[in-house]
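J.: prediction below, plus the sequence it came from.
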Amino acid sequence: MKKEEKEIIYTLLKTADAYECGYKREKFAGEPLFVDDEMVECPQSGNIESTAEHSNTGSPELSIQPSANSTAGTDKGLSLDELNAKILRCTRCGLARTRNNVVPGMGVENPDVLVIGEGPGHDEDMQGLPFVGKAGILLDRMLAAIGLDRKSNCYIANIVKCRPPENRNPMPDEQAACFSFLEAQIHILKPKMILCMGKIAIEKITGQNISINAQHGEFFEYNGIPVMPTYHPSALLRNEELKRPAWEDLKKFKRRLDEIKAN
Ligand code: SF4
């Protein structure tokens, strides 16, 4: 749909609303910003779908919501920079309305390890970078202890790329809307191993119900890539006693990575 068509529909609805309620509403700061829909061909179905994307402002918009994986195939054909630029414009789910910045991820291409968290927190939302608050500092220390860091051999991303308000868990529909981006990132990055920080990340990657307390340190698989869940750094900050088992997980993870790199 064209920007002008959206504006006409919005104005008609607003006028009808004003007449029915007997008042005239003035233009307000949260007025939607309308843009033309970008038309994307969906390779599986041959259908044309609207992605209704716009700039990274968090402004509300009348948009057509594509299905969770509708662009996964086309996204996988993009370069990492192209994909991340697309993520920066995304308005597929409601988190676009409350975010300050989108957080696509950061790190090196062709990393040894992809680290996956659940979603940006306050500091990440303000800076547009993943794991930069207290939990991020701890994550960097954990990675450094096994010879990993985001500047040389890791990439860090999240299940959802925009901050859930009040740091709540991302809702299933938000995870579903965003997951094709992570799928495409994994396809492009081709990490040797994946480290999932916390329950939400490992459950979305495996599609299974996982108890972190019972199953941290176990190996799973995603498209042939070994995946291990361990405690989220935020959990370690809340409970020091979890640091020892997390360290045992990391040592096990490192042994497996060394084996893969040796072959
Ligand atoms: Fe788009 Fe993901 Fe942000 Fe939702 S969380 S608006 S799907 S980038």
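T.: Good, I have the coordinates.
J.: how near is Gln175 to Lys161?
T.: From Gln175 across to Lys161, the span is 11 Å (Cβ to Cβ, to the nearest Å). Just so you know, the C-beta spots here come from the backbone N, C-alpha and C atoms, and that holds for glycine as well.
J.: higher neighbour count, the two?
T.: Counted by other Cβ atoms under 10 Å, Gln175 and Lys161 do not tie: Lys161 has more neighbours, with 31 against 21.
J.: contacts only, for that one.
T.: Counting by Cβ atoms under 8 Å, 6 or more residues apart in numbering, Lys161 makes contact with 87, 90, 102-105, 119-120, 178, 181.
J.: so which of the residues you listed reach the ligand?
T.: Applying Cβ under 6 Å from any ligand atom, the subset of the contacts of Lys161 adjacent to the ligand comprises 87, 90, 102, 178.
J.: how about the residues of the stretch 51-200 of the chain by the ligand?
T.: The stretch 51-200 of the chain has residues 87, 90-93, 95-96, 102, 160-162, 174, 177-178 near the ligand, with proximity defined as Cβ under 6 Å from any ligand atom.
J.: Gly117 pairs with what?
T.: Asn158 (DSSP bridges).
J.: is it correct that it is in contact with Arg163?
T.: No: with contacts counted by Cβ atoms under 8 Å, Gly117 stays clear of Arg163, the gap being 11.7 Å.
J.: neighbour count for these two, which is higher?
T.: Per other Cβ under 10 Å, whichever of Gly117 and Arg163 has more neighbours is Gly117, with 28 against 25.
J.: any stretches of this structure with poor pLDDT?
T.: 1-8, 10-73 (pLDDT under 70).
J.: hey, where'd the strands end up in it?
T.: Per DSSP state E, the chain carries strands over the ranges 39-41, 48-50, 106-107, 113-117, 154-158, 193-197, 220-222, 225-230.
J.: what is the neighbour count of the closest residue to Tyr155 other than its chain neighbours?
T.: Spatial nearest neighbour of Tyr155, chain neighbours left out: Gly107 (3.2 Å); criterion: Cβ to Cβ, 6 or more residues apart in numbering. By other Cβ under 10 Å, 22 other residues sit near Gly107.
J.: distance of Gly107 from the ligand?
T.: 18 Å (Cβ to the nearest ligand atom, to the nearest Å).
J.: from what I can see that residue touches Ile156, true?
T.: Yes: using Cβ under 8 Å, Gly107 makes contact with Ile156 at a distance of 5.4 Å.
J.: which neighbours do those two share?
T.: Joint contacts of Gly107 and Ile156 (Cβ under 8 Å, 6+ apart) are 114, 150.
J.: please name the residues that touch the closest residue to Gly198 other than its chain neighbours.
T.: The shortest distance from Gly198 to any non-neighbouring residue, by Cβ to Cβ, 6+ apart, is to His232 (3.3 Å). Contact partners of His232, counting by Cβ under 8 Å, 6+ apart, are 117-118, 135, 197-199, 201.
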